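Visitor: show me how the following folds:
(2 chains)
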There are 2 protein chains.
Amino acid sequence: MADYQAPLSDYQFLLRDWLQIDEHYQRLGLGEFDFELATEVINQGGKFAAEEVAPLNRNGDEQGCTLKNGQVTTPEGFARVYASYIENGWNAMLGPAEFDGQDLPYSMAIPVHEMLNSANLSWRLTTMLTESAVLAVSRHATEPLKQQYLARLVSGEWTGTMNLTEPHAGTDLGLLSTRAEPNPDGSYAITGSKIFITGGDHDWTSNIIHMVLARLPDAPLGVKGISLFLVPKFLLNEQGEPDALNAVNVGSIEHKMGIKASPTCVMNYDGATGWLVGEPNQGLACMFTMMNDARFQVGLQGLGVAQAAYQGALTYARERLQSRSPQGIRQPECKADAILYQPDVARMLLTQKALTEGCRALAMVYAQQMDIEKYADGANSQQAHKVIEFLTPICKAFMTDMGLEVASLGVQIFGGHGYIREWGMEQLMRDVRIAQLYEGTNGIQAADLIGRKLIRDNGDRLAATEKLFSEIVDKIADEGNRSLAADVLREWQEASSLCLSMSAAESAGAACDYLAYSAYCLIGVLWFSMADCASGNGHEALRNGKRKTCAFYQQRILPRKEAHRRAMLAGCDSLLALSGSEFDYL
Amino acid sequence: MADYQAPLSDYQFLLRDWLQIDEHYQRLGLGEFDFELATEVINQGGKFAAEEVAPLNRNGDEQGCTLKNGQVTTPEGFARVYASYIENGWNAMLGPAEFDGQDLPYSMAIPVHEMLNSANLSWRLTTMLTESAVLAVSRHATEPLKQQYLARLVSGEWTGTMNLTEPHAGTDLGLLSTRAEPNPDGSYAITGSKIFITGGDHDWTSNIIHMVLARLPDAPLGVKGISLFLVPKFLLNEQGEPDALNAVNVGSIEHKMGIKASPTCVMNYDGATGWLVGEPNQGLACMFTMMNDARFQVGLQGLGVAQAAYQGALTYARERLQSRSPQGIRQPECKADAILYQPDVARMLLTQKALTEGCRALAMVYAQQMDIEKYADGANSQQAHKVIEFLTPICKAFMTDMGLEVASLGVQIFGGHGYIREWGMEQLMRDVRIAQLYEGTNGIQAADLIGRKLIRDNGDRLAATEKLFSEIVDKIADEGNRSLAADVLREWQEASSLCLSMSAAESAGAACDYLAYSAYCLIGVLWFSMADCASGNGHEALRNGKRKTCAFYQQRILPRKEAHRRAMLAGCDSLLALSGSEFDYL
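Guide: I've put the predicted structure just below:
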């Protein structure tokens, strides 16, 4: 596979021309930020991703992680590049300024996150969860805990983890049974087993800070009896330095389909010392601070892998000579034409491109809303918050579903070579497959969207999202495109309204199709908007590419919404009809 | 993952009730065959697959193949089970009687093939290609070659391989450059390198018979200058026994995404002795005898893996307790309900079931047509031949695409555990991914369908296929279902007619969507037919299951045809519009 190249031109277009980021920062009173600085951050981030992180990706997959004497070793070079990452301040991009973070707008940091995911998904995971831990600690922890831990999580001197899942409690966190017994000194003794802990141990840092869900004595049953604890791998001494090993150890590491260079650990807590974060029995709400951030970030993983697969396949399709194009000979000097000139290969490449750039546009709309939520005043911030809540499950699920589809198309464009490890495409497909599963399966995202985000608040978040996209439609200058975009948005709004009155079982049965339907519609709107924006001056290839890819999306991708619309409105009778051996006739 | 169980009840239903196989055999004058014998073959085959072949699957993936001193070693147990396989006559099911084959109808053997694919795809591949080699040798080789090689390929004492691909010549066989120089004794010296050779070497048999495409001196350029040669690993002595090693060796074995227990070899021919099979320069036509057989068999791989993924996921969904069903508590004695009761999990399971059983129905219609082609008199045989030609690319591409989708759903239903190797689901996904690539990528299948099978003969094969499915529709007793099925068939026929007048570029751009569209429509017809057939007496769970799954297919799967129909009729302008850096804005 060709070397990774960060999609800098696309980000320049999105930030400067499409989102008009200078005006955005000015509106938010962020005078110190502008397009120029954003470009600098993104270019440097792309350089780091391409030159430092990406070269470790193939070997990381082959070498994997090992566990020996309770200590995880990550593949060659991983720790070294992590040291360079934190030294160059990349870990601190979003951290709060009072704890030495750079407090950058999301719209500057998120492009870099995409690029890290493209370069090396395994490597990125641990840094991503550290950022989530920073959020949870800064929003919910006591001041002494913040003083002890936050600056070093922000810098990346220490990393963070998320400990939710237990063997019998994955989706259903209400079943979790890890216990937290109060110690006389105000700390707690944590006992229990957690599985699927990304970065549960590694050889990068002098400490690892575990964010752990557990039950206090006499806590109510179910999710209302869960509290969040901070449990360091090494307890701090009086100088605040890592000292005695806490009573937490790695039971084993998982052997997985992909992300083999990321240690996925079984963590055993055996009376480990931890400190309460947030109020007792409010752990799930605190953890959701981490999870919502992580869910969007997992969506970005889908995007990042999609971009890597697209550019790998594009390079191959330009170089691989097989057969002649049905439109006539394109490369008479060669024995055959590049497969790029085969309409079906072009179809696959354009599917990759339309989905990848469409997801990127959605991610950047989301990033802009995160900026607004954080920096704008009350009403605007609240409105943005609603949009974010609505879009989070869509970003997580759709962008990871598309990550798999685009990666699989990458394998397909390579033909038989796509299946061979040395070419790198199959690794992308294996790696990205996890993203549909963790941080809540994509089915859980869909249930969250239709249940909590749509029906339970009676369409309030829907209205906020519809308003935002209406504004995007209204700005489309070309009348034809504006009308097409408005039609899509109206159809989506009407179909969403139909979902509002569904029963619990109906909505659960419609959930996944509603999520996909919404994503195809909303990204359709964004494509019309980007194509319109690209009609002006500037980078000619980019402008043509955007307009032509919009036409492709409209003709070849958008029709998928119809299949999802029909499925989601078909009721749930056929889903619930079968029982017992009617499934398998035994 | 739960142990594999062969879908015996479904096959009984399909053979006895749906295809009415006794009458079918009688019509063809095959008085020695009946449903009872078919059941015996299928039950025994299922037993062999489940008890002998399946237990080797996980270890085979972990252990893989090794190449040492030019000799491939397959995983533990593989050679032993192969010996048992040929000893029990399974390899000879379809072989010609004059060479000690059992000459069974396809409708008896194909169910067993599906089961072998479910049990262990890697293990099955080599035996599958041996069957294809039997076909090529028995139809095209000279009598002396047949006498020397055929009986031992039929029995499986020796295995066969297919050598087409070269590094620069995959899809475009016209580019291949392996040479065949005539020797004085009438044999040829074969020189060149072939890649992706399944079972190119192994430790199962005393000889391996390579079917190799190469060019004679002064052969025309392109595909019209390709001839087929039989090249044994060991040359035979005067007694017909393997003796001197031929000048062929394994350069390396590939490291792959899946089917790791199947040796995929680079084969180097260095003046190896071979014999012409078929006429000079007619090699591609001879190889197509193998390839058409192999293409359908690869479709069966998709089906087999789908079945394994479905039953694995079903077992898990019945056992895994998480959360409560939105329709109310289903297992009050437990802390949570089985996830089977979640509508979205039911949706995934039913998608698996509807696609898997739909593909199986299509495969058995195909098998029945193969019986008719082989045993019926002129006109009926020719008609069946046309149907087979039309359906071959559909079976290969659609059944493997569905294999991946169903396997990926299997991973999804397992949640995070689906990603962990020990649970077995991720292996199914990795293994089946190859099936969309080899024996002609699925894009090539689609081009074959719309170009060669639909447009080039002006709809003749389309008409034959339409006639067969019309007869299936006409037999549906229930008026409502018959009318629905007729509508689907009519819509398909009309859309197919629109494709008939497409230009080369248009049809190439529409190909994949036309194939998927056709498959969803035709399998829709088969579901209505099966549901109707299941309305009678017999196995109650099966009858209910079929009728309810038909309803699910109609409401939730069939709408996909709409997305494909719109895409395929959208023209190819948007596919061919981009050029150069418009793809990537560099």
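Visitor: and chain A, what are its domain boundaries?
Guide: Domain ranges of chain A: A:8-140, A:159-281, A:442-573, per automatic domain parsing.
Visitor: grab the longest strand from chain A for me.
Guide: Ordering each strand of chain A by length in residues (DSSP state E) puts strand A:264-277 first.
Visitor: closest to residue B:481 out of the domains of chain A?
Guide: The closest of these to residue B:481 is domain A:442-573. By CB to CB, the value is 16.8 Å. C-betas here are computed from N, CA, C, even on glycine.
Visitor: quick check: residue A:231 is in a helix.
Guide: No: judged by DSSP: H, G, I helix; E, B strand; the rest coil, residue A:231 forms no part of a helix; its state is strand.
Visitor: export the domains of chain A to TSV and tack on distance to residue A:306, mean neighbour count and mean pLDDT?
Guide: Listed next are the domains of chain A as TSV, based on distance: least, CB to CB, whole Å; neighbours: other CB atoms under 10 Å in any protein chain shown; pLDDT from 0 to 100:
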stretch	distance to residue A:306	mean neighbour count	mean pLDDT
domain A:8-140	8	20	97
domain A:159-281	15	20	97
domain A:442-573	13	20	96
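Visitor: compare these and report which one is nearest to residue A:580.
Guide: Minimum separation from residue A:580 across the domains of chain A (CB to CB) falls at domain A:442-573, 17.4 Å.
Visitor: that closest one near chain B anywhere?
Guide: Yes: legend: contact between domain A:442-573 and chain B by CB under 8 Å from any CB of the partner chain is shown at A:442-443, A:446-447, A:504-505, A:508-509, A:511-512, A:539, A:541-542, A:544-545, A:548-549, A:551-552, A:554-556, A:559-563, A:566-567, A:570-573.
Visitor: next, residue A:447: secondary structure please.
Guide: Quick answer, by three-state DSSP: residue A:447 is helix.
Visitor: which helices and strands sit right next to the one helix or strand residue A:472 maps to?
Guide: With secondary structure defined by DSSP states H and E, residue A:472 is part of helix A:460-474. Applying 3 or more CB pairs under 8 Å, 6 or more residues apart in numbering or on different chains; DSSP states H and E, one finds that helix A:460-474 makes contact with helix A:343-375, helix A:378-413, helix A:479-500, helix A:504-533.
Visitor: just the angle between the third one and helix A:504-533, please?
Guide: Counting by axes from the mean of the first three to the mean of the last three CA atoms, to 10 degrees, helix A:479-500 points 170 degrees away from the direction of helix A:504-533.
Visitor: contacts for helix A:479-500?
Guide: Contact partners of helix A:479-500, identified using CB atoms under 8 Å, 6 or more residues apart in numbering or on different chains, comprise A:450, A:454-455, A:458-459, A:462, A:466, A:469-470, A:472-474, A:476, A:507, A:510, A:514, A:517-518, A:521-522, A:524-525, A:528-529, A:531-532, A:550, A:554, A:558, A:565, A:568-569.
Visitor: about what we covered before: would a markdown table of the helices and strands packed on helix A:460-474 with distance to residue A:149 be doable?
Guide: What follows is these, written out as a markdown table (distance: least, CB to CB, whole Å):
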| stretch | distance to residue A:149 |
| --- | --- |
| helix A:343-375 | 22 |
| helix A:378-413 | 26 |
| helix A:479-500 | 42 |
| helix A:504-533 | 36 |
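Visitor: residue B:79: which of those is closest?
Guide: In terms of CB to CB, the element of the helices and strands packed on helix A:460-474 nearest to residue B:79 is helix A:378-413, at 30.7 Å.
Visitor: which residues sit against the next helix-or-strand element following the closest one?
Guide: Using DSSP H and E, the next helix or strand after helix A:378-413 towards the C-terminus is helix A:425-432. Helix A:425-432 has contacts (CB under 8 Å, 6+ apart) with A:1, A:57-58, A:61, A:121-122, A:257-259, A:301-302, A:305-306, A:308-309, A:312-313, A:400, A:403-404, A:407-408, A:410-411, A:414, A:417-421, B:256-257, B:430, B:433.
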